[in-house]
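>>> Give me a 3D structure for the following:
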Amino acid sequence: MPLLRAFVYFIAVLMVMPVIITLPVALTSLSVIRFPPPSLSLRWFEALLGDQLLLTAIGRSFVLALIAALTAVAISLPCAFAVERGRFRGRTGVETLITGPRMIPQIVLVLALLVYFERLGLAETFTALVLAHLVITIPFAFRTMLVSVASIDRRLEWSSAILGAGPVDTFRRIIVPQIKTGLIAAFIFGFILSFNNVTMALFLSGIGQRTLPVEMFYRMYVGGMNPTIPAISFLLAFTGVVLFIALDRTLGVYKYLAGRG
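Residues are numbered from 1 along each chain as shown. Here you go, the predicted model:
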């Protein structure tokens, strides 16, 4: 047991080490990245907070990820019920069709979407970005919801119907409490996938529509790596940790994800 505990701690440290290293790199007083930094300064965090273009890209990525994650969950939930409980011909084919985009390399998928959106007149629009991100988030949300729906205790639903509850009340009071772990996990996975995606946004975003990963990519490619990139990376990681802790304290997210909700 002590050996296993030490191994778990080692893996945890290994996972967070890249995030921890970004802090001293972002606090350097130089205009180039050097580790360890010769002296510390907050100049790059101040530059980040004053960079309107970068802040706009952060807001655009957040809105895009939020829309994509919520829509993916809303679409995946009825699809999961249909595939899990339906007894129709071609059910396996429908499941394969929904999860199919996971098997296709994103570069191939995005080129096909680029041609398709060009024909529809949606190229380089925010709508195209949302639709493209749904293509990659729905398969993950659907697979997560499918597992949750399969684990529902049908006896509770039958008891609810026998006692006179309608479909809406049964869904709200019986089904949702049993699948809330899957709902939260599907939303989190979808949000992270959309927020961090580079390939889709790189090809489909137009002028003035760049998401944060694309904006960071262009800055590294054109202007070279500077401490602004580690600064935004650390802030995003720190914000994610704080947000998760806040949600866990208020909503008990960790308890739900651990299956104890």
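
>>> Nearest spatial neighbour of Phe35, chain-adjacent residues omitted?
Sequence neighbours aside, Val25 is the residue nearest to Phe35 in space, at 5.6 Å (criterion: CB to CB, 6 or more residues apart in numbering). C-beta: built from backbone N, CA, C; applies to glycine.

>>> before we move on, what about Ser41?
Closest residue to Ser41 apart from its sequence neighbours, by CB to CB, 6+ apart: Ser29 at 3.8 Å.

>>> show me what contacts the one you found?
37-41, 43 (CB atoms under 8 Å, 6 or more residues apart in numbering).

>>> Could you check how many residues crowd around Ile245?
Ile245 is flanked by 12 other residues according to other CB atoms under 10 Å.

>>> cool, Val63 as well?
Val63: 13 neighbours (other CB under 10 Å).

>>> how close does it get to Gly50?
For Val63, the distance to Gly50 (CB to CB, to the nearest Å) stands at 22 Å.

>>> still on that earlier bit, roughly how far apart are the residue nearest to Ser41 and Pro38?
Distance from Ser29 to Pro38, by CB to CB: 7 Å.

>>> Assign a three-state SS to Met220, would you?
Under DSSP: H, G, I helix; E, B strand; the rest coil, the three-state class of Met220 is helix.

>>> Identify the spatial nearest neighbour of it, chain neighbours not counted.
Ile229 (6.2 Å).

>>> The one you found against Met216, yeah?
Yes: with contacts counted by CB atoms under 8 Å, Ile229 reaches Met216, the gap being 5.8 Å.

>>> got the buried residues for stretch 235-245?
By neighbour count on 16 or more other CB atoms under 10 Å, the buried set for stretch 235-245 is 235-237.

>>> Export these as TSV, with columns for secondary structure.
Shown next, in TSV, are the buried residues of stretch 235-245 (three-state DSSP):
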residue	secondary structure
Leu235	helix
Leu236	helix
Ala237	helix
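
>>> which among the residues you listed gets closest to Gly208?
Leu236 (21.7 Å; CB to CB).

>>> hang on, the earlier thing: the residue nearest to Met220 sits in which helix or strand?
Assessed by DSSP states H and E, Ile229 sits inside helix 228-251.

>>> pLDDT of that helix, averaged?
Per-residue pLDDT over helix 228-251 has a mean of 73.
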